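Chemist: mind folding the following:
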Amino acid sequence: MTRSTLGKNERLKSRKLIGQLFSNGKNFYSQPYKVYYLLTGEPFSAKQPGVHVQFGVSVPTKNFKKAVDRNRLKRLTREAYRIQKKDMEQIAGRQKLWLYLFFIYIDPDLCDFNTIKTKVGVALKKILQRTHHDHPENT
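Modeler: Prediction:
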């Protein structure tokens, strides 16, 4: 059984890459998130040779003044993504595509882990459907 981790190379941290994702990517709302994604045929950076999917998450200070709450929501979102990311990685790796994802938590209320896990799963399925619609040969 393989370990499901979310390593340093799989996290979207670069301001430059995030800026390109926001300017060139597509987005949609999936309560409690606004999700940005970009599917490309070549990587933004050659620094991560084996990584085909990168993920980032943000929780605005406007909705959550306490860093404890923001950090908890980010941690729960990363864990929910980590558990459910296998389909994304397999499809992207098989088709030699690079997928960049960024989730922004926009709901003003705190959610429990089960709700977050469900909502992240719904968003990931929606991304798979949309990328399949945009690139039908990628199944």
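Chemist: tell me the secondary structure at the residue most central in space within the chain.
Modeler: Centroid-nearest residue in the chain, with Cα atoms, centre = their mean: L101, separated by 3.4 Å. Using DSSP: H, G, I helix; E, B strand; the rest coil, the structure places L101 in strand.
Chemist: beta partners of it?
Modeler: Y37, F55 (DSSP bridges).
Chemist: surely it touches L17?
Modeler: No - using Cβ atoms under 8 Å, L101 is not in contact with L17, being 11.5 Å away. Where C-beta positions appear, they are placed from N, C-alpha and C, glycine not excepted.
Chemist: give me the common contacts of the two.
Modeler: Taking Cβ atoms under 8 Å, 6 or more residues apart in numbering as the criterion, L101 and L17 both touch Q54.
Chemist: what is the least confident helix or strand in the chain by mean pLDDT packed up against?
Modeler: Counting by mean pLDDT, DSSP states H and E, the weakest-scoring helix or strand in the chain turns out to be helix 86-95, with a mean of 82. When contacts are defined as 3 or more Cβ pairs under 8 Å, 6 or more residues apart in numbering; DSSP states H and E, helix 86-95 packs onto strand 53-58, strand 98-105, helix 113-134.
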